[in-house]
Structure formats: C-alpha cells, structure tokens
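Student: using only what follows, build the 3D model:
(2 chains)
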Amino acid sequence: MNLAAIQRLLALSLLAFAAVDVRAASVAEVIDTTQPKMVKIYGAGGFNRLEAYQSGFLISAEGHIATAWSYVLDTDYITVTLNDGRRFEAKLLGADPRLELAVLKIEATELPFFDLNAAATAESGTRVLAFSNLFGVATGDEPASVQHGVVAVKTQLDARRGVFETPYRGSVYVLDAMTNNPGAAGGALINQRGELVAMLGKELRSAQNNIWLNYALPIEELRGSVSQILEGKFRPTDEEPKLKPDEAIDLAALGLVLVPDVLERTPPYVDLVRGGSAAAMAGLRPDDLIVFVGENLVHSCQGFRDELAHIERNSTLKLVLMRGQELVEVEVPAAEGDRP
Amino acid sequence: MVRLGLLLLIAMIGARQARAQVDPAVLAAEEARVAVVEKCVASTVAVFSPGGQGGGSGVVISPDGYALSNFHVTSACGDAMQCGMADGKLYDAVIVGLDPTGDVALIKLLGRNDFPAAELGDSDQVRVGDWCFTVGNPFLLATDYQPSVAFGVISGVHRYQYPAGTILEYADCLQSDAAINPGNSGGPMFNAQGKLIGINGRGSFEKRGRVNVGVGYAISINQIKNFLGHLKSGRIADHATLGAVVRSDADRRVVVDDILEESDAYRRGLRYGDEIIAFAGRPITTVNAFKNALGIFPRGWRVPLSFRRQGQRYDVLVRLRGVHAEIELEEMIAAEQQDPHEKMPIPKGEKPKDEPGSEPKEEQPEDQKPDDGGPGKDPVPVRMPKKKAPMPEIVKQHYEKKAGYVNYFFNELERKRVAAALTSRGNFANLGKAWAVTGKTGGAEEFRLEFSDAGAAIRLPSGELRVEWTGGMSNHLEPPGSGGLLAALALWRRMLVDGPQSFSRVQYLGTMPLADREGMFDILEATHEDVECLFYIDPQGSLAALEMFPETDVDPCELYFTDYREFAGQWLPGKIEVRFGDGYSYEFNCESYAAADAPQPEGE
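Tutor: Now for the predicted structure:
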C-alpha cells in the first residue's frame, strides 16, 4: 500500500469516527431532553404478578401526564415521581379505555413536556428509542430505562381477532425491541430527532403461540381522546357535584346486582342480572365490568351508584362494558314501572 | 436463456453500483466495528465445568491469562475449569479469587503467556444511549468456542439491584438491552471502542421465562478494578459497609437511621440523624445512590464522607468495615459449591419454567433447564449437576488448598512478589538490629529515634522516652497520643530487615488506595505478637505507609513514608509522618539513618 492510499484510509477512518461521534452526541442530546419529560407512576397492585407501577410522560407544562389506562390507576392514591425525584399525588383526570389511555394531572408548573400536536409518525424501518420504567428499575431521581429498536410495521392490532386480546382497535407500531415489559406501559417512543411518536402499550401475548408482542400506540390515535379528556369528557364520575333528579335510576330498577362493595374502590363488576329486567334485555352479563355511564368514566361500585343517582329514571342508559378484553356498548331501555 | 443471463448481469451491475453508492464513511465505520468486534471476541472465554455439563462465560484481562467471570458461574465448576477461546483451543484454568457479594470470580487460564486480553475501560464514562455489545456463551452455544455477539444500547447507569439472598448484590451496575441470556454470565460487555466496561451477570425476567427480555445488567468494570488486587490475592474478598444504616426522611434527605459504635464512622463523629451529603466523591440524594456508592468498595478502604448536623458540614475520611465475617464468606462459598441448585436465590413468586413458550426447548436438555430462577432480577447461570473430575496436572501446579483461602497458591505468589519488591531497594540488614534515625521535626526541633525488636526511644530537646516491648506491643503505645509511633517504627524495621517471614502471620491482602496519593498500593497484612499491621507498598517497592492496629475496632497508628532517597547506601524515606485519630499529626524530616550502636554522626 502506498503512502497516498494509507493517507486516504486514515482520512476515511477519521471520517468514520467523526460520523460516529456526531451521532453519539445527538443521541445523548435526545436522551437528555427526553428524560425530564418521563414520569414514574405508582398506584394499585403489588400482588399476584400485578406490578404496582407503570410509566408515563408529561404532555403539558402544568403537569398533565399521558399514561396507559390500567388497574394501577384503580386507587385514590396515585403517586407520580418526576425525573428530578420530586414526588406528587396525581389525580386521574380521565381515561379512554378503548385506547387504553389515561390522563393524570399533578399540581406543578413549568415542566418540560411533549407537545402532542408536534408528534411525529413513523414507518417500517424508523429507528426509535423507548423510554420507560420497565421492571421498576429506576426509583426517585434515577432516570427511566432507554431501549433502542426499529419500527417493524404499522398495522392493525385486531387484524387477527382472538390472537391478541385487547380492547384496542386502532393501528399500532410493532417494534423489534423488547419494550413491553412489566411497568413499561405508558412509556414514550421517540424517533432519533427526539420527537414523540407513540406511547408504549401494555404487555400482550398471543393466545395462539404465546409470543409476546411489543407495540406502541401512535400519538395520532390518542390525540383526539387526550383533548377530549382535557375538555372535560371521559372524566371520572366523582368530579363535581351535579343536581340530582327527583327520581333517579337505581340498580334494583335495572335488575342489576354488582359484586360486593368491599374495597375502598371496588371495580364495578356485574355479579348478577335478573331475568326479564332492563339490564337483561340490554344484554348485560355477569362479570361485565362497567366502564362508562354515558361519557362518564366509572371505576368503582360507589361511583356507578352515584352516577345512576344523577340520571332520570325514565331515560335510556348508555353503558360501555368491558367483557373479557372486548369493549361493548349497550343501551339499557327506560325501566319504568318495572320495579320488583 | 441468454435473456436470463443478461438480466442477471444487469442485476449484478445494479448491486455493485448500489454498493458503490454507500457513503464511504458508513463502510469505513462498519469495517472499524467489525475489527473491534473481532478483537473483543478473541479475548472472550467460554467457561465449562470439568465435566463439561455446565458453565458460562469469561474474559481475559491480561496476557498471562487472568480472566474475569461470575462467582455464580465458577462456583458451579469448582476449583478447576476449562476455557474455550475463539482460537478454537481449550485451556485449563484455575480459580484464583472470589467476590461472592459482587458475583465476581477471577480465574487464570494456564499454558500461555500471550493470551489476547481485553482492554479495561472506564465504566464511569459510560452514558445512557451509548452503543455497547455483549460477547459470550449464551445457552452454552459455543461448543466450537466461538462466542456470540449481541449489540445494544446502555439503558441505564448506576443501577442498584438488590442482593439475591445475602449475596450477589449488583450495585452501581450497567443496564443494557444487548442480549444477556443464561450462559452469558461472566462474559464481557464492551463499549463501541471495544473497551471492557462490565461483566454480564443478571437480567430481569419475570414471567417470560429465562430468556432476555431487553433488560440485562453488568457489574461495572470500575467496581471490579477496586477488587482486582483482592481477587488476585487468592482470598475471598468482602464488600464494605459504613457501619451505619441510612434511610430517606420526610424531606427526602438521606439520614443515618442506626450506627454501630464500633465503626470508624462513629469514631469520626457520625451519629444517628445526621444527613449524608456525599460519600466517596459522589453526592448522595437517595438511599440507592448511597448503596451504589458503597457497593463498589472492598472492606477496609478509606473513603471521604461528608455529613451535616444542624447546618454544620463535616468532612471526614472513614475506614469501611466488612459486610460479612470471614467465616460467613467461607460458609457461603462452601454451600454454593456443594449445591448451587439449592443456594440459588429464589425470589418471591412462581417459577417461570412451566410457562409455555418460554424456553428454547430443543436446545436445552431437561437437566440443563435452569431450575434456580424465579421472576425478578436473577443471575443468569446455566447450571447442571456437577461431576467431580480429577484436577489436571497443570492446574495442580497452580492450586493450593488452605482454610480461609480460595487458592492459597496465589496468595503466596503475590506475597513473595511484594516482599521481593520491598527488599529490592537495598540490603537493610546492613543497618543492624537497632536503627537510629536523626533529623528535625516539623517544628524544626532536633530528634533522634531508636527502634529495635527489644525496644525503642525518642529523644527531643524537651526530653527522652524509652520503652521495652514487654507484655506485648499493644501495651506500649508511646508517645502518648500517637497511637503507638515507636512500636510502629520497630515493626517497620522488622519488615525491612527480617522480612515478612519474621511475622507470626502474614498474607497478601490485595490493593488499596491511600488518601492524597495517586494509584493503588499492594497491602501486606502482618501480625506480630498482639498487633496487626497493614503495609502499603507502592509499585516501585517502596513502603508508602504502615498502619498498626493494637486491637480491632480502634484507630491505628498511621505512618506515612515519603521523600525517598539514598541514606547510608539504602533507599529510605526522607520524611516520616505520623497520624492518629482525628487530631494527632507529627512530622520527622530524616537526615541520617544508622545502626543504633554505631557512633553518632556529627551534627549536620
């Protein structure tokens, strides 16, 4: 090899290292600007392989947080830890179970956040970084875990019904990284420019071959529901006092018996549907979980009863139920004079 | 047919053009990466137990064959193991030292002095998002000794992973999404430049069976560097504790919840309720941060501690205690070797092995299926029933069984090396059985020190003090307040003139740092009568410091030897500083050394 060739090679390898360095610096930068937007969420669970934690990210400077709608939020005591270690009690602002999306709010200001309107889209082959507190590895001011991967495909999750049991019916990014681990749900998927692309979904296993799927929900699928929640829809029922009608619907009138209300927040599962009742006519079944009354999110037996207390007896009742992993909408006809 | 040929030709040309269009920088980067991986693969070791049924991974760190692995890998092998390397050869290896708490083992490959060795990196420089790769023997695939390589990014640094049982604590470790599977244990994690940044050993698995789910942990190489000297000593290294328990208070400060009165931290003034601000050079804001900072140190190291009480900040140096009693460590290792299956930590929850689809079944025979794991952050060994194989001849030559040691052969080896270095700088016996040192103190007063095996004396303008070593040296800690300056000097002379063998018990302890000094120092631990000494020897063979402990859990008398130069044809310190506890400090600037019975030199 002559001198010129060696010089060329040298220049080339220098170039290569320079290229690597530039990339490394920008990845580090992207990570540094993303971490402060990530939060750790603690709530219900902690037994029977149900982790009492999950992930989330800030979507406003005033402390709005997007996360996955899950049993972890089934408590009055949701705690959020910011990247800097500050800890807050969080309020469940609203949820859209069809998207497995929930929005929390903490009392804070001037927080770094992802602007959902500036979110990017991805396609097959897009390099992504996933941020989450999977396995609860990080606590306090320890930063979230970062994983790398590529978007394998954007597809419909329910393309093969019965394979992946989830109420979500929209499109998802399937990832070639093992992102969807315990505690990762609600984490952020970003592209190499640091733009938010999607929210990490829950753990999901194929009923056919037991393979775990790593997927994330595109922000454009969530954006609408988030703004609706921010506008006051999909709010939990225990929000503000409303005027009660003189004669309201009650469980007996519907012919519905809920599971015994033994917890501080017992999920409103149907225990029994009386034969011939309005509930039976509407097709309610035992083990259905009542998720929405109209547009109001209920997540306790008491919450459901309170909600009913605000509805005129002679009106039609719209319910959204979780049946297995399916969301089912039903209309319960007015139940006049049908009281046993 | 012709048309087909033409099409193929066009396709080939197209492909060539496509290749030519790739940015040369990308191709060069790829080439550089391939070269880095090749180099790293060469130093990686597939560890097999003598019967060949179990094993894991390792990595050679010096050309003479020292290699790192996991304690939970070597404990399944016993004292001898076989190591396959990428050159396709199988080498015999012997156990050298163990750190059961940190899950690290040092072994030595035998038969060559030019093993390809990995270059140690600086794990404190590793950042989240850095590319890294793991090399090793996952699922014991490397039957041809060619290791597997997996790329990933660093997912987290300074992670704390709770001990499994009382050992295998992963403090300050690296987290990566590069694959770490059963069999990768003990193998290397490299950064993109091919420098060794960690030893893989653990993963988070939970319900998906014992295969990587994107969360693996490596012991940081900087922690291992702290322990390397101890590991080379053929001993069981212990981790350190402050002697205090800390917790997070309502204001999220880290405060002392309990403190042992025998601890050095207590003697240095740390009390219940004090707020820990910094430890070993790191700011402490959480309990995990404290555990991380503490978990990387061997017992006996002195590190700076800063704490606050009622607004007042205190900065002290604390000597760290051991976590375990020596006998506890021995029992742990015996238990682990006897029945690794039973001793493996089984955290709460169900075992995942009956989970459908969780294991690559064809590749793992039933007896290879790890039965030690549960959900949680488990070590990832591949374990199999142990067969007792006879020790190969070359291993026998490098192994000596002795109670309290992993392999006494290496303690003797290191002790002899250090002793030889210590006496290489002169024939100190020429100075005789009793030495006399004269000069001026830090306060510019004339002094004369005399010391021998029989007694010692110090003469200052203000008077003279003489002692004889009757009834044990610990009864003669003169001058008052010095912690035993004269006794320590006598033991210094004993070590230089009569050598380590003149002490009733002496061993090579490993390496430790010294405050205000660069680098690491070899430590000889020697017992004479009723006192114990630590001799700190620098890489050139000069004694840098001596600490004399008249009993356990008290402050030692510390002597620091600096300003080495030639005196009476010998390499001796021009300055001796004595310190004791918090306050006492005294300097001797030496001007002459002589045999005590020789005529006194004229004043210079």
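Student: check which helix or strand covers the most centrally placed residue in chain B.
Tutor: Nearest to the geometric centre of chain B sits residue B:227, at 0.3 Å (CA atoms, centre = their mean). When secondary structure is defined by DSSP states H and E, residue B:227 falls within helix B:221-232.
Student: ok, now residue B:155?
Tutor: Judged by DSSP H and E, residue B:155 forms part of strand B:148-161.
Student: how about residue A:225?
Tutor: helix A:219-231.
Student: hmm, who's touching that helix?
Tutor: By CB atoms under 8 Å, 6 or more residues apart in numbering or on different chains, the residues outside helix A:219-231 that reach it are A:59, A:64, A:66, A:93-96, A:99, A:101, A:103, A:116-117, A:119, A:121, A:170-171, A:196-199, A:234-235. C-beta here means a position set from N, CA and C on the backbone, and glycine is covered the same way.
Student: mind checking how far that helix is from the chain centre?
Tutor: 12 Å (CA atoms, centre = their mean, to the nearest Å).
Student: what mean pLDDT does the helix or strand just after that helix have?
Tutor: Next helix or strand after helix A:219-231 toward the C-terminus (DSSP H and E): helix A:251-254. For helix A:251-254, mean pLDDT rounds to 85.
Student: show me what helix A:251-254 is packed up against.
Tutor: Packing contacts for helix A:251-254, counted by 3 or more CB pairs under 8 Å, 6 or more residues apart in numbering or on different chains; DSSP states H and E, involve helix A:278-282, helix A:301-308.
Student: for chain B, which of those is the nearest?
Tutor: helix A:301-308 (29.9 Å; CB to the nearest CB).
Student: quick one: the following helix or strand past the closest one to helix A:301-308, angle?
Tutor: Next in sequence after helix A:301-308, counting helices and strands by DSSP H and E, comes strand A:317-323. Angle of strand A:317-323 versus helix A:301-308, following axes from the mean of the first three to the mean of the last three CA atoms, to 10 degrees, is 160 degrees.
Student: list the buried residues in the next helix or strand after strand A:317-323.
Tutor: Next along the chain after strand A:317-323, taking DSSP H and E as the criterion, comes strand A:326-332. For strand A:326-332, the neighbour count (16 or more other CB atoms under 10 Å in any protein chain shown) marks A:327, A:328, A:330, A:332 as buried.
Student: residues contacting residue B:229?
Tutor: B:509, B:510, B:511, B:512, B:520, B:522, B:523.
Student: the strand or helix carrying the third one pairs with which strands?
Tutor: Residue B:511 is part of strand B:505-513 when elements are defined by DSSP H and E. For strand B:505-513, the paired strands and their directions (DSSP bridges) are strand B:520-528 (antiparallel).
Student: circling back: list the contacts of the residue nearest to the centre of chain B.
Tutor: Contacts of residue B:227 by CB under 8 Å, 6+ apart are B:99, B:102, B:104, B:237, B:298, B:510.
Student: neighbour count, secondary structure and pLDDT added to these, as JSON lines?
Tutor: Output for these, formatted as JSON lines (neighbours: other CB atoms under 10 Å in any protein chain shown; DSSP: H, G, I helix; E, B strand; the rest coil; pLDDT from 0 to 100):
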{"residue": "B:99", "neighbour count": "27", "secondary structure": "strand", "pLDDT": "95"}
{"residue": "B:102", "neighbour count": "30", "secondary structure": "coil", "pLDDT": "94"}
{"residue": "B:104", "neighbour count": "26", "secondary structure": "strand", "pLDDT": "96"}
{"residue": "B:237", "neighbour count": "27", "secondary structure": "coil", "pLDDT": "95"}
{"residue": "B:298", "neighbour count": "25", "secondary structure": "strand", "pLDDT": "97"}
{"residue": "B:510", "neighbour count": "27", "secondary structure": "strand", "pLDDT": "96"}
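Student: what is the orientation angle of the helix holding residue B:227 with strand B:520-528?
Tutor: 40 degrees.
Student: buried stuff in stretch B:33-50?
Tutor: B:33, B:36-37, B:40-50.
Student: closest one of the buried residues of strand A:326-332 to residue B:576?
Tutor: Distance to residue B:576 across these (CB to CB) is lowest for residue A:327, with 81.9 Å.
Student: for the closest one, list each beta-bridge partner.
Tutor: Under the criterion used (DSSP bridges), residue A:327 bridges to residue A:322.
Student: ok, it to chain B distance?
Tutor: Residue A:327 is 25 Å from chain B, where distance means CB to the nearest CB, to the nearest Å.
Student: then residue A:258?
Tutor: Note on residue A:258: its distance to chain B, by CB to the nearest CB, is 31 Å.
Student: just to check, that residue is in contact with residue A:267?
Tutor: No: look at residue A:258 against residue A:267 with CB atoms under 8 Å: they stay out of range, at 9.4 Å.
Student: which residues are common contacts for those two?
Tutor: What both residue A:258 and residue A:267 touch, as defined by CB under 8 Å, 6+ apart, is the set residue A:301.
Student: pull the contacting residues for residue 62.
Tutor: No chain was given, so I picked chain A. A:105, A:108, A:109, A:111.
Student: my question was about chain B
Tutor: Counted by CB under 8 Å, 6+ apart, residue B:62 has contacts B:115, B:117.
Student: let's see the pLDDT reported for it.
Tutor: 97.
Student: that's a helix at it, yeah?
Tutor: No: per DSSP: H, G, I helix; E, B strand; the rest coil, residue B:62 lies outside any helix segment and is coil.
Student: report how many residues lie close to residue A:204.
Tutor: 21 (other CB atoms under 10 Å in any protein chain shown).
Student: and the strand or helix carrying residue B:328, which residues are buried?
Tutor: Taking DSSP H and E as the definition, residue B:328 sits inside helix B:326-338. For helix B:326-338, burial by neighbour count (16+ other CB under 10 Å) applies to B:328, B:329, B:330, B:332, B:333, B:336, B:337.
Student: that older thread, and which of the buried residues of strand A:326-332 is nearest chain B?
Tutor: Looking across the buried residues of strand A:326-332 and measuring by CB to the nearest CB, the closest to chain B is residue A:327, at 25.2 Å.
Student: residues contacting the closest one?
Tutor: So residue A:327 contacts A:97, A:98, A:167, A:291, A:320, A:321 (CB under 8 Å, 6+ apart).
Student: ranking by neighbours, what's the top pick from the residues you listed?
Tutor: residue A:291 (26 neighbours).
Student: surely that residue is in a strand?
Tutor: Yes: Residue A:291: assigned to a strand according to three-state DSSP.
Student: circling back to that earlier point, could I get the helix holding residue A:225 in CSV with only the CA atoms?
Tutor: Extracted in CSV, the C-alpha atoms of helix A:219-231 (Å, rounded to 0.1, in the frame of the first residue of the first chain):
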residue,chain,number,x,y,z
ILE,A,219,-49.9,9.6,19.1
GLU,A,220,-52.3,10.5,16.3
GLU,A,221,-54.6,7.7,17.6
LEU,A,222,-54.5,9.2,21.1
ARG,A,223,-54.5,12.9,20.4
GLY,A,224,-58.3,13.3,19.9
SER,A,225,-59.1,11.5,23.2
VAL,A,226,-56.5,13.4,25.1
SER,A,227,-58.0,16.7,24.1
GLN,A,228,-61.5,15.4,24.9
ILE,A,229,-60.3,14.4,28.3
LEU,A,230,-58.7,17.8,28.7
GLU,A,231,-62.0,19.4,27.6
